[in-house]
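*Asks:* pasting the sequence and the predicted model now:
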Amino acid sequence: MNSYCVATYRCFDEKADFNKKALGIAVGLTVGSWTDLPEAKKAAMERHLGQVISVSVHEPDGPGETAADRYADIEIAYPDVNFSRDIPALLVTVFGKLSMDGRIKLIDLSFSEDFLSGFPGPKFGMQGVRELLGVHDRPLLMSIFKSVIGHDLSTLREQFYLQAAGGVDLIKDDEILFENRLTPIERRVEACMQAAEQAKRKTGQKLLYAVNLTGPTFNLLDQARKAIASGANALLFNVLAYGFDVLSELSRHPDITVPIMAHPALAGAYYPSPYHGIAANVLLGKLMRLAGADLVLFPSPYGSVVMPLAENMAIKHALLTEQAEDYRFSGTGADSDNAVSKPAGASAGADGKRSTLTLQTSFPVPSAGIHPGIVPLIVKDFGEQVVVNAGGGIHGHPMGTIAGGRAFRQAIAACQAGIPLQQYAAQGHAELQAAIDTWGIKQ
Ligand SMILES: CSCCC(=O)C(=O)COP(=O)(O)O
């Protein structure tokens, strides 16, 4: 029996025969040519041949639609036997050359049981992060270092303390802080963890500091080891600049004993176009979780860098779903007839039963331009299983950075209590009131 990973594409074309196009992809990205092969060769190649699962054509007849809006969603199954068990091999197979061939976007991926079993996924996951912090009953709060380049350790230490003293659960480096002489990773970690201890004496809170793991790829593991030996209790990683496989290798390595936070830098080069690239739920959802990100940052629908709500909810689903069928393709093809079909029941396995995904969940972190007046929207859309994340919304608070953290914690508490922000602020929460006066409440 062959097992398969399945790619779904949205392909735009004004007049193409989409069934022919689908067949061209299935054959072209696997055995190359089919009809020209002699019968004996066909038998040998059968197990390597891609299969068209479905072609669903959208003809442009809606209001305002033109011929340019004609598209088809095409599902192709790729035999596992064609690629090794790593994300680069899968991506190059399903969307290597094809990504450059006209108006076509990779909108979904599902994996065979066999392929999935090669990925341990997040080492800590959402629950593991909560356990490290000892916080299980509310959205977490994260603060981002701002203005880090050109500053020395004492400035960073002070900035760290002010963020921590405001009651945040996590602090992340700015993703543009690389290895440098003023604040090298080991000394930065030591200074910031000292500040964390100092703040803990005031707040009583545990805190994770995600230090930015940077440098040439072959040095990353050593850098991470050094950071952890110096006391780092989390890592920030620019996944898309290095590639999913680097995250995958780091996250599964036994020496990486702390959670990894995935930054979405460069994601805008991949997901925003309807016609090209890789959909956000695949790029920042499924592949991040598969590669082992414990927390994943992405633009929110509410702040300064905006992603549509539907795409945000699709990422959330990919990071949090417990259903194996959301990730797994259970269809198989017999070598003899080579027919691959979807298992019966849209979301059940081949045996018709639902099962639980073995990958731990990854914490969603909708980000960019977040201020306390946005918290009710975040909680409405994400519930409790979210990290509220802010840089400018904390440091830019009119009463200072500590007040910035407090204003967010008050906003979260208001949502937990089901009290409107303005009412909660008026109950003696001056920091929240000042934040509302500055940024308003987003409806
Ligand atoms: C686009 S998601 C990444 C958000 C991020 O890293 C960041 O620094 C956001 O900072 P802000 O001041 O907009 O909260």
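*Replies:* That came through fine.
*Asks:* next, count neighbours for the residue nearest to Glu59 when sequence neighbours are not counted.
*Replies:* With sequence-adjacent residues excluded and distances taken as CB to CB, 6 or more residues apart in numbering, Glu59 is closest to Arg70, at 6.2 Å. Every residue, glycine included, has its C-beta placed from N, CA and C. Using other CB atoms under 10 Å, the number of residues around Arg70 comes to 19.
*Asks:* what's the distance between Arg70 and Ser33?
*Replies:* As for Arg70, its distance to Ser33 is 28 Å (criterion: CB to CB, to the nearest Å).
*Asks:* could you report the neighbour count for the one residue in the stretch 151-300 of the chain that gets nearest to the ligand?
*Replies:* Closest residue of the stretch 151-300 of the chain to the ligand, CB to the nearest ligand atom: Pro299 (4.3 Å). Pro299: 25 surrounding residues under other CB under 10 Å.
*Asks:* quick one, what contacts Lys15?
*Replies:* Ala67, Arg70 (CB atoms under 8 Å, 6 or more residues apart in numbering).
*Asks:* skipping its backbone neighbours, what lies nearest the residue of the stretch 301-443 of the chain found nearest the ligand in space?
*Replies:* Residue of the stretch 301-443 of the chain nearest the ligand, by CB to the nearest ligand atom: Gly391 (2.8 Å). Leaving aside its chain neighbours, Gly391 sits nearest to Ile144 (3.5 Å; criterion: CB to CB, 6+ apart).
*Asks:* next up, phi/psi of that neighbour, please.
*Replies:* The phi/psi pair for Ile144 (degrees, to the nearest 10) reads phi -110, psi 130.
*Asks:* any idea what it is bridged to?
*Replies:* Lys172 (DSSP bridges).
*Asks:* tell me the pLDDT of it.
*Replies:* On the pLDDT scale, Ile144 is placed at 96.
*Asks:* show me the contacts for it.
*Replies:* Counting by CB under 8 Å, 6+ apart, Ile144 touches Ile171, Lys172, Asp173, Asp174, Asn389, Ala390, Gly391, Ile394.
*Asks:* one more pass at 7 Å, please.
*Replies:* Listed by CB atoms under 7 Å, 6 or more residues apart in numbering, the contact set of Ile144 reads Lys172, Asp174, Asn389, Ala390, Gly391.
*Asks:* and Phe95, by the same measure?
*Replies:* Taking CB under 7 Å, 6+ apart, we find Phe95 in contact with Ala7, Leu106.
*Asks:* could you rerun that using 6 Å?
*Replies:* By CB atoms under 6 Å, 6 or more residues apart in numbering, the residues touching Phe95 are Leu106.
*Asks:* next one: it from the ligand, what distance?
*Replies:* Counting by CB to the nearest ligand atom, to the nearest Å, the gap from Phe95 to the ligand is 23 Å.
*Asks:* out of everything not next to it in sequence, what's closest to Leu91?
*Replies:* Of all residues not flanking Leu91 in the chain, Phe244 sits nearest, at 7.7 Å (CB to CB, 6+ apart).
*Asks:* tell me the pLDDT of that neighbour.
*Replies:* 98.
*Asks:* that one - how many residues pack around it?
*Replies:* 22.
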